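In: One predicted model, sequence on top.
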Amino acid sequence: MVIPDYYEFGSRTHIMAGYDALEQIPGLLSSMDAQNPMVITDQGVSRAGLVDILLQALDSRITIKTIQDDVPADSDLITVHTLAGQYRKYGCNAIIALGGGSVMDTAKGVNILVSASSDNLLAFSGANALTHALNPLVAVPTTAGTGSEVTRVAVISDPDNLRKLLFTSGFLMPDAAVLDPRMTLTLPAPVTAATAMDALSHAVEACLCLGRNPLSTAHAHEAIALISQHLLPVILQPDHKPGRLALATGAALAGMAFSNSMVGMVHTLGHSVGSVCHAPHGTCMAVLLPYGMAYNLHKTQPLLADLLLPMAGADVYARTPPADRAQKAIDWVNRMNQRLHQVTAGAHAVCLREMKSQDGKSLVPGHLLPKIAHTALGDGSIFYNPEDLDYDDCLMVLEAAFNGAPLDLSRVKKG
Amino acid sequence: MTALNHFLCRTKTAFGTHALDHLPFDLSGMNARKPFVITDQAARDAGVHMVLARACRDTYLAPGLATLTDAGDFETLYHLFVDKGYDSIIALGTGQVVQTAKALNLALCLGPERLRSPADPGQIKGPLLPLVYIPTHPESGQDTAGETSFSGHCFVSAHLMPDIAVITADTMLGTPLAAVLDSGLSSLAACCEVFAFSGNPFARSYAYAGVCLVMDTLLPLAQQSDHGDLLCQKAGKHRRLPLAKLTHAAAVSGYIQSNFPNLKTRQAGAHITALHPAPSATLSSGLCMALALVHLLENSKDTCPWLGKLLLPLTDAAHYAGVPGPGQPDAAVRVIRELLQALYETLPQGMPETFDEAGLTPRQISEISNLLTYAHP
Ligand SMILES: [Fe+2]
């Protein structure tokens, strides 16, 4: 075990994962003396009937003061301020966040305002601007991907100033994360695939990036094993509860791993594809993951080789000659993308060129690749990538990922 | 996975060289400016408090220092804290220092009268004052667990876990071999038991790291021990890093024990210790736990679904994958037996290798054996 000179690992969110995890919420809230929660969610979650399932599970053991289901796809300042007003109006003392990344981010933002009795979220943006514990927040994820239910980060957009505000603090970690397979049973196959590949990319990057450490790697390997074993079976049998629970657990473990290690170029490039083209984050991650692994191959060979074990299992690992294991792990991710492409009837894209919006338009036009490469240079995660990246390298990787072509490793500038 | 997995670790682990340099930043993040440092005479004699003082120099921190001498100190500490207006606690030391720091935290937040009766764990709703733990020795995991005992009462709550465990070679003191073995074997037993018998992936991740840390450090430390290591001397440089890693493993085993308060190896260890009211250095509770672990694993080789996988953290990926699945449980138990054997050889006076050699009667062994079975998932 290689231990870095210095590292930190902390994840103080109380995890409840199980088939009746939702039923644990009243007990969790009462252990925090918080009997008057507000539910924050979005219309999609509400329409999918998940709010009803939650309320049924809570039974009458707790009084929900108000249910706010207007969170937009991209959480923004106005929503946060409005919901903080509702929290106060209804005399709430806790939040149950039911949804995906945007709902989690919004709930974290609302919790900052109501806990600090403030009306100015901007005052808390940046790193470690919070110095006191926030009010109780219970996160119930309805996708198995982002890991925001255990992370210390919130991203909230400020549309008036065309910017995204980043909040990081240990106090932003939710008090509890409730992982219940009933919340993801009805997720469509392409969303299940993309979000799981996002989680997989968190775990893989946690193992490779410069901030890696023994505890984040242990969590990441466990996540990779769960996602690898259960993703395809769940796509084929969407209502398989143990598989859904395993994917939700894998996503949370991956979240704990990367929030203690950071990520690398897969996210560097993926963030900028997302911000330039408004392309869904999970699909960007799925497409870019094997490219990020290949680009860093010469710097992370043993680490990549280690990934083959949780990905493909002991038999494949033992049968593969040691020198080939790293490449085999990259091939495994490529093959997983191809299988997902097949079983989703092409909805899961395997290259950037293939990514389409709901009305069938190309989401990532080729002429934007230079702009994406340029934007990538400003992303914080670039510093944690094992190999240095400049504009030419970013563009080279993006072009290969655009066409689904193998990366020409001889063109990687080795630092 | 089992029906409901829950896991809570309130402690952030900060490990490594110069880890103390990050402490002022972390304390400011918890709005703590005036920490009350509790330490013991051994740490003080070795000058470890000066390492902490250096890290606080030129920062906004205004720490105060108290050295624990005997149990009668508690009232003094309490009044000192209140009178001087401290806002957080740093436990610089291991064992008694940490138990006192936790009890002080309870007294400060819930009132000193609460320490006179065992509290219903549900009643400690926290959060308590910021508590930083800076160990000077590897220990048994009690320091980072959410529990403390004070005046014969045991208090249990996750809020008693330290907020941060700063584990660094810079504060490690020389530790007698017996204490090193006690800590390493107790961490190994707790982490192996959870890894082999729990399907909880959150706990298994910590347990995995804990097993690796012990396997990396315990035997080399024992082999280089010269038996002359005095408790109050600063450990030699070459020994400080492995001691810190072993302390890291102990911290991890404490996180695990907080979540699994009924570990069989721990129960059996306590049972054996109770049978030997004055345990000798050769029959520490860590060794009892390790003997119990071997017994437990042997009992469950055919029924425990995750036992074979234990071979992975005990060895490495190549070794694990090279052993065919059905042979893995045996191989895992063999690795632990071989480790114990190699450890015995480092001790001139030897160590018991079985319950029998430990002096237990057949009736006692059968009692313990009954403790060491699992109802399998
Ligand atoms: Fe991501």
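Out: That came through fine.
In: Pretty sure B:Val294 sits against B:Glu338.
Out: No: assessed by C-beta atoms under 8 Å, B:Val294 is found out of contact with B:Glu338, at 11.1 Å. Glycine gets a C-beta too; all of them are placed from N, C-alpha and C.
In: who's more crowded, the two?
Out: Neighbour count, other C-beta atoms under 10 Å in any protein chain shown: between B:Val294 and B:Glu338, B:Val294 has more, with 20 against 12.
In: for the more buried one, helix, strand, or coil?
Out: Classification of B:Val294 by DSSP: H, G, I helix; E, B strand; the rest coil places it in helix.
In: what's the spacing between it and chain A?
Out: 23 Å (C-beta to the nearest C-beta, to the nearest Å).
In: do the same with B:Cys154
Out: B:Cys154 is 19 Å from chain A, by C-beta to the nearest C-beta.
In: so what strands line up beside whichever strand or helix holds that residue?
Out: Assigned by DSSP states H and E, B:Cys154 falls within strand B:153-156. With DSSP bridges as the criterion, the sheet partners recorded for strand B:153-156 are strand B:147-150 (antiparallel).
In: on that earlier part again, adjacent strands (with direction) for the helix or strand that comes right after the strand holding B:Cys154?
Out: Counting by DSSP H and E, the next helix or strand C-terminal to strand B:153-156 is strand B:164-167. Strand B:164-167 sits in its sheet next to strand B:12-16 (parallel), strand B:131-134 (parallel), going by DSSP bridges.
In: Single out the most deeply packed of those.
Out: Of all these, strand B:131-134 has the most neighbours on average by mean count of other C-beta atoms under 10 Å in any protein chain shown, namely a mean of 28.
In: Send me that one as CSV with only the CA atoms.
Out: The C-alpha trace of strand B:131-134 is given here as CSV (Å, rounded to 0.1, in the frame of the first residue of the first chain):
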residue,chain,number,x,y,z
LEU,B,131,-12.6,17.6,19.6
VAL,B,132,-9.3,17.0,17.9
TYR,B,133,-7.4,13.8,18.6
ILE,B,134,-3.7,13.7,18.2
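In: Could you give the average pLDDT over that strand?
Out: The average pLDDT within strand B:131-134 is 98.
In: Give me the contacts around it.
Out: B:11, B:20, B:23, B:26-27, B:35, B:52, B:88-93, B:98, B:101-102, B:105, B:143-144, B:162-168, B:171, B:251 (C-beta atoms under 8 Å, 6 or more residues apart in numbering or on different chains).
In: Of all the residues in chain A, which one is nearest chain B?
Out: Taking C-beta to the nearest C-beta, chain B has its nearest neighbour within chain A at A:Gly10, 2.9 Å off.
In: residues in contact with that residue?
Out: A:Gly170, A:Asn260, B:Cys9, B:Thr11, B:Lys12, B:Thr13, B:Ile164.
In: Of those, which is the nearest to A:Ser201?
Out: Using C-beta to C-beta, A:Asn260 is the member of the contacts of A:Gly10 that sits closest to A:Ser201, with 15.9 Å.
In: Against A:His219, how distant is the closest one?
Out: A:Asn260 sits 8 Å away from A:His219, going by C-beta to C-beta, to the nearest Å.
In: what is in contact with these two at once?
Out: Shared contacts of A:Asn260 and A:His219 (C-beta under 8 Å, 6+ apart): A:Ala206.
In: residue ranges with poor pLDDT in chain B?
Out: B:1-2, B:70-72, B:118-123, B:226-235, B:276-282, B:376-377 (pLDDT under 70).
In: Got the domain ranges for it?
Out: For chain B, the structural domains run B:12-171, B:175-371, going by automatic domain parsing.
In: Among those, single out whichever gets nearest to A:Gln342.
Out: domain B:175-371 (28.5 Å).
In: got the residue ranges for the strands in chain A?
Out: Assigned by DSSP state E, chain A shows strands spanning A:6-9, A:14-18, A:37-40, A:66-68, A:94-99, A:126-127, A:137-141, A:153-158, A:163-168, A:176-179.
In: export these to a markdown table and tack on mean pLDDT, mean neighbour count and distance to B:Ser369?
Out: Output for those, formatted as a markdown table (pLDDT from 0 to 100; neighbours: other C-beta atoms under 10 Å in any protein chain shown; distance: least, C-beta to C-beta, whole Å):
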| stretch | mean pLDDT | mean neighbour count | distance to B:Ser369 |
| --- | --- | --- | --- |
| strand A:6-9 | 93 | 20 | 37 |
| strand A:14-18 | 97 | 24 | 32 |
| strand A:37-40 | 98 | 28 | 48 |
| strand A:66-68 | 97 | 18 | 55 |
| strand A:94-99 | 98 | 28 | 47 |
| strand A:126-127 | 90 | 12 | 54 |
| strand A:137-141 | 98 | 28 | 43 |
| strand A:153-158 | 92 | 20 | 50 |
| strand A:163-168 | 89 | 17 | 51 |
| strand A:176-179 | 98 | 28 | 37 |
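In: now the ones you listed in TSV, with distance to A:Met336?
Out: What follows is the strands of chain A, written out as TSV (distance: least, C-beta to C-beta, whole Å):
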stretch	distance to A:Met336
strand A:6-9	28
strand A:14-18	23
strand A:37-40	33
strand A:66-68	37
strand A:94-99	26
strand A:126-127	34
strand A:137-141	22
strand A:153-158	27
strand A:163-168	30
strand A:176-179	22
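In: which stretch among the ones you listed comes nearest A:Leu395?
Out: Among those, strand A:163-168 comes nearest to A:Leu395, with 23.4 Å by C-beta to C-beta.
In: from the chain's centre, how far out does that closest one sit?
Out: With C-alpha atoms, centre = their mean, to the nearest Å as the basis, strand A:163-168 stands 16 Å off its chain's centre.
In: and residue 259, what does it touch?
Out: No chain specified, so I'll use chain A. The neighbours of A:Ser259, taking C-beta under 8 Å, 6+ apart as the test, are A:Ser11, A:Gly147, A:Val150, A:Thr151, A:Arg152, A:Val153.
In: that's the wrong chain, I meant chain B
Out: Counted by C-beta under 8 Å, 6+ apart, B:Asn259 has contacts B:His6, B:Phe7, B:Leu8, B:Cys9, B:Asn200, B:Ala203.
In: Okay, and which of those map to strands?
Out: Per DSSP E, these map to strands at B:His6, B:Phe7.
In: give me the subset of the contacts of B:Asn259 touching chain A.
Out: B:His6, B:Phe7, B:Leu8, B:Cys9 (C-beta under 8 Å from any C-beta of the partner chain).
In: can you list the residues of the stretch 151-300 of chain A near chain B?
Out: A:169-170, A:213-215, A:218-219, A:221-223, A:226, A:242, A:245-246, A:249-250, A:252-253, A:256.
In: Relative to B:Leu160, how far out is the residue of chain A closest to chain B?
Out: Remark: distance between A:Gly10 and B:Leu160 (C-beta to C-beta) = 16 Å.
In: Let's check: the centremost residue of chain A is which one?
Out: Nearest to the mean C-alpha position of chain A, by C-alpha atoms, centre = their mean, lies A:Thr146 at 1.7 Å.
In: quick one, what contacts the residue found closest to that one once you drop the neighbours it is linked to in the chain?
Out: Once flanking residues are discounted, A:Thr146 sits nearest to A:Gly101: 4.0 Å by C-beta to C-beta, 6 or more residues apart in numbering or on different chains. Neighbour list for A:Gly101: A:Thr143, A:Gly145, A:Thr146, A:Ser148, A:His281 [criterion: C-beta under 8 Å, 6+ apart].
In: Buried among these? Make that a PyMOL selection.
Out: The following PyMOL line selects those of these that are buried, judged by 16 or more other C-beta atoms under 10 Å in any protein chain shown:
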select buried, chain A and resi 143+145+146+148+281
